[in-house]
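# Sequence first, predicted model second:
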Amino acid sequence: GAVVSQHPSRVICKSGTSVKIECRSLDFQATTMFWYRQFPKQSLMLMATSNEGSKATYEQGVEKDKFLINHASLTLSTLTVTSAHPEDSSFYICSASRDSHYGYTFGSGTRLTVV
Amino acid sequence: DAKTTQPPSMDCAEGRAANLPCNHSTISGNEYVYWYRQIHSQGPQYIIHGLKNNETNEMASLIITEDRKSSTLILPHATLRDTAVYYCIVRVPLDTGRRALTFGSGTRLQVQP
């Protein structure tokens, strides 16, 4: 199979603090992982492409200094929301692909609430 | 990626077949049709994909018209657990893993008891 594990599933943090979200490919290596954000009743919006061993590529309008992405190994990518504010409250989802046969596998998502 | 058009919402009675349409009139010859779904507060889940032949797996069937300009995802016996947003995505598979999937607004399927 192709399993992607995302942790935590839910997090509540105070405004101004930082939160780290982990995305792991459990049974395959992923040189590239993807991070999405989803607001209520909206579709998934790609935030950034995480590349193992190199800098992430951010979509237009996404602040790279606010959403820090680290892809230090072939099985782990992390997204850190720095100095979180209530408007950062959202559902964050990661994704990776084992190969074209398996297609894309998604993590179960992280519900971030900033109070 | 070719643009896709889906109805925003559909209802289906439990136990009946759910037929979800997707228009992709600008699809090119090497693009596949993929279907994913997202159950509330979960990550998207792959359902099925195809190029031009009809496809069936344990989850669903995919019917692609002969001119490939539209397709229909069929859930043969919908259950309440099939209530989700269904996304039809058209793209080439060659760069799978290097380029992200792009999601449209999808179809919100509500299965009614």
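Great, that's in hand.

# where along the chain do the strands fall?
This is for chain A. Assigned by DSSP state E, chain A shows strands spanning A:4-7, A:10-13, A:19-25, A:32-38, A:45-51, A:57-58, A:67-73, A:76-81, A:90-97, A:104-106, A:110-114.

# looking at chain B here, not the other one
B:9-13, B:18-23, B:32-38, B:45-50, B:55-56, B:61-64, B:70-75, B:84-91, B:107-112.

# Let me know how buried B:L51 is, in neighbour terms.
Neighbour count for B:L51, taken as other CB atoms under 10 Å in any protein chain shown: 13. Any C-beta I mention is one placed from the backbone N, CA and C, and that applies to glycine too.

# Show the contacting residues for B:L51.
Counting by CB atoms under 8 Å, 6 or more residues apart in numbering or on different chains, B:L51 makes contact with B:Y32, B:V33, B:I64.

# wait, the first one sits on B:R91?
Yes - at 6.8 Å, B:Y32 counts as touching B:R91 under the criterion of CB atoms under 8 Å.

# For the two, indicate the residue with more neighbours.
Neighbour totals were compared for B:Y32 and B:R91, and B:R91 leads with 21 against 18 (other CB under 10 Å).

# and the more buried one, what does it touch?
Neighbour list for B:R91: B:D1, B:A2, B:E31, B:Y32, B:Y34, B:L101, B:T102 [criterion: CB under 8 Å, 6+ apart].

# Between the strands of chain B, which one is closest to A:L74.
strand B:45-50 (21.4 Å; CB to CB).

# Quick one: mean pLDDT over the closest one.
In this model, strand B:45-50 carries a mean pLDDT of 94.

# what do you get for stretch A:80-95?
Across stretch A:80-95, the average pLDDT comes to 97.
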